[in-house]
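[1] requesting a structural model of the entry that follows:
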Amino acid sequence: MWVLESDTSSNPLIGASTSAEIEHDLTDADGSLEFQGTASARASFNTLSAQAGGALYNSFFDPDYDFDSQTGVPQNYGSFSSAEFTQTLSYGGMAMNYTSTYILRLTGTILTPGYGAVTVRLTHGNETPQEWSFLANDSYDIPIFSQAYVHGVSPQQFSLAIFVTHDFDTGTLAEGGNYEGSVLFGNTLRVEGVDLRDENGNLAPPGTITSNSGEVFQIMAVPEPGTLALVPISMGMLIFSRRRRE
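    Predicted coordinates for the structure are as follows:
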């Protein structure tokens with residue numbers, strides 16, 4: 001059983017939410033298993049939010065569940081939510097080429113006896129996306145720096161997405177137990193600025209970047225790409241996947 005929600009926006013302040021529940025009568029145990037799931041997502045021009053969670057009552061593991069025929073009591077119950085926005089960025093100034101390093105901030109919490117995860121995906125132009133995934137139960141208020149994109153002055157498409165997943169696996173839970181969990185990133189994934197430099201390494205002046213939405217992207221300096229790995233992150237687990245076009 002999955003509760004799904006997504007929001008993709010080219011207009012500001014789009015929001016969506018959903019909820020669902022499912023119940024299974026247990027012939028080989030007392031009572032019944034019940035799952036209640038919720039999910040919501042919201043997209044605006046430079047801020048994204050997504051959250052998912054659920055409650056599982058009278059947990060029961062059915063070793064004879066048949067996925068193909070869907071007979072018996074399923075093992076997994078979860079919720080999924082995502083939000084994304086896309087803009088076209090144009091570059092002024094006197095340079096012939098630019099290097100962009102995006103500065104993001106992620107805030108929220110993962111709190112669950114089950115499985116919780118949040119993934120951030122950033123795409124610039126025709127480059128393969130860069131992704132960051134966080135899995136640990138914790139509170140998050142952390143900066144994220146993209147690896148640098150080298151590009152010309154032609155307009156570039158910029159996309160940012162957040163995905164959250166919450167899941168209970170009855171094979172890992174005590175039978176008859178009641179559980180609640182959540183992955184809450186309703187506040188938020190945000191673009192704080194862009195380190196935009198010309199071919200000589202000089203930081204571009206304010207106003208060099210304009211977007212088709214009219215949203216202003218602030219230009220600010222960050223450490224050189226080779227030192228970004230030294231930025232401390234207190235989370236229990238971080239997976240960073242860097243994919244670049246050859």
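[2] dump the residue contacts of the spatially most central residue of the chain.
    For the chain, residue 162 is the residue whose C-alpha lies nearest the centre (Cα atoms, centre = their mean; 2.4 Å). Applying Cβ atoms under 8 Å, 6 or more residues apart in numbering, we find residue 162 in contact with 48, 49, 50, 82, 83, 84, 118, 119, 120, 121, 185, 189. C-beta here means a position set from N, CA and C on the backbone, and glycine is covered the same way.
[3] please name the nearest non-neighbouring residue to residue 124.
    Residue nearest to residue 124 in three dimensions, not counting chain neighbours: residue 149, with 4.5 Å by Cβ to Cβ, 6 or more residues apart in numbering.
[4] so what's the residue count around that neighbour?
    21 (other Cβ atoms under 10 Å).
[5] ok, residue 82 next?
    For residue 82, using other Cβ under 10 Å, the count is 22.
[6] returning to what we had before: can I get the contacts of residue 162 in TSV including distance to residue 93?
    Output for the contacts of residue 162, formatted as TSV (distance: Cβ to Cβ, whole Å):
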residue	distance to residue 93
48	28
49	33
50	35
82	34
83	31
84	28
118	35
119	33
120	28
121	28
185	34
189	28
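[7] of these, which pair is most distant in space?
    In these, the most distant members under the criterion Cβ to Cβ are 49 and 121, with 15.1 Å between them.
[8] who's more crowded, those two?
    Between residue 49 and residue 121, residue 49 has the larger neighbour count (other Cβ under 10 Å), namely 24 against 17.
[9] assign a three-state SS to that one, would you?
    Counting by DSSP: H, G, I helix; E, B strand; the rest coil, the backbone at residue 49 sits in strand.
[10] right, and it touches residue 82 too?
    No. Applying Cβ atoms under 8 Å, one finds residue 49 not in contact with residue 82, separated by 10.6 Å.
[11] quick revisit: want to throw the contacts of residue 162 into TSV with secondary structure, pLDDT and distance to residue 166?
    Formatted as TSV, the contacts of residue 162 follow (DSSP: H, G, I helix; E, B strand; the rest coil; pLDDT from 0 to 100; distance: Cβ to Cβ, whole Å):
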residue	secondary structure	pLDDT	distance to residue 166
48	strand	91	17
49	strand	90	15
50	strand	92	11
82	strand	89	13
83	strand	89	15
84	strand	89	19
118	strand	96	10
119	strand	96	13
120	strand	97	17
121	strand	96	18
185	strand	90	11
189	strand	93	17
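[12] and which of those residues is nearest to residue 136?
    Nearest member of the contacts of residue 162 to residue 136, counting by Cβ to Cβ, is residue 118, at 10.3 Å.
[13] buried residues in stretch 163-179?
    By neighbour count on 16 or more other Cβ atoms under 10 Å, the buried set for stretch 163-179 is 163, 164, 165, 166, 167, 168, 170, 173, 179.
[14] mind exporting whatever helix or strand the fourth one lives in as CSV, just the C-alpha atoms?
    Using DSSP states H and E, residue 166 maps to strand 156-169. As requested, the backbone C-alpha atoms of strand 156-169 are provided in CSV (Å, rounded to 0.1, in the frame of the first residue of the first chain):
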residue,chain,number,x,y,z
GLN,A,156,20.2,27.3,-19.3
GLN,A,157,17.3,25.3,-17.9
PHE,A,158,17.6,24.8,-14.1
SER,A,159,15.5,22.2,-12.2
LEU,A,160,15.4,21.4,-8.6
ALA,A,161,13.4,18.5,-7.0
ILE,A,162,12.9,16.9,-3.6
PHE,A,163,11.6,13.3,-3.0
VAL,A,164,10.6,11.9,0.4
THR,A,165,9.8,8.3,1.3
HIS,A,166,8.4,6.8,4.4
ASP,A,167,7.9,3.0,4.7
PHE,A,168,7.0,0.3,7.3
ASP,A,169,8.3,-3.2,6.8
